[in-house]
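Visitor: The following comprises the amino acid sequence and a computationally predicted model.
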Amino acid sequence: MKTVTIGILPQEKMRERMLAIAKGEYKPEASEPKIWFTSMRSLAEVLSDDNRALLKIIEEANPESISSLAAITGREPSNLSRTLKTMSNYGLVEMRHEKNHIRPIAVATVFQIFA
């Protein structure tokens, strides 16, 4: 499993950084974070103990669908689906569409955080 680098910047600094990149004034290095949060609190919500455990379960069990993951974890599919969508938005989970179902795939279970 690859390590994902996460950065924390206040919203205004993140906006300044993105504008500088868009204008060509700043080119991010390959080692810089690809995932950004605006605060430690928002990071803690997405990477809570429960959510990190969920990522490990996805990696180890390799579930075929959200329903099978719900059966493994004992969580409601609707609740699990919301959590996975949030994690997918941050690039922590890939939601692969296969035939009649969506298969969750953990992108990372190890994180390096820069504040």
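Guide: Ah, there it is.

Visitor: Ser68 versus the residue of the chain most remote from its centre, what's the distance?
Guide: Of all residues in the chain, Glu25 has its C-alpha farthest from the mean position, at 28.0 Å, by C-alpha atoms, centre = their mean. The gap separating Glu25 from Ser68 is 47 Å, by C-beta to C-beta, to the nearest Å. Any C-beta I mention is one placed from the backbone N, CA and C, and that applies to glycine too.

Visitor: Likewise for Ser39?
Guide: Ser39 is 34 Å from Ser68, by C-beta to C-beta.

Visitor: more crowded one of the two?
Guide: Ser68 (16 against 13; other C-beta atoms under 10 Å).

Visitor: pretty sure the more buried one belongs to a helix, no?
Guide: Yes - applying DSSP: H, G, I helix; E, B strand; the rest coil, one finds Ser68 inside a helix.

Visitor: where does the chain dip in pLDDT?
Guide: 1 (pLDDT under 70).

Visitor: for the residue nearest the centre of it, what are its contacts?
Guide: Closest to where the C-alpha atoms of the chain average out (C-alpha atoms, centre = their mean) is Leu92, at 2.4 Å. Residues counted as contacts of Leu92 (C-beta atoms under 8 Å, 6 or more residues apart in numbering) are Val4, Ile35, Val46, Leu47, Leu55, Ala106, Val107, Ala108.
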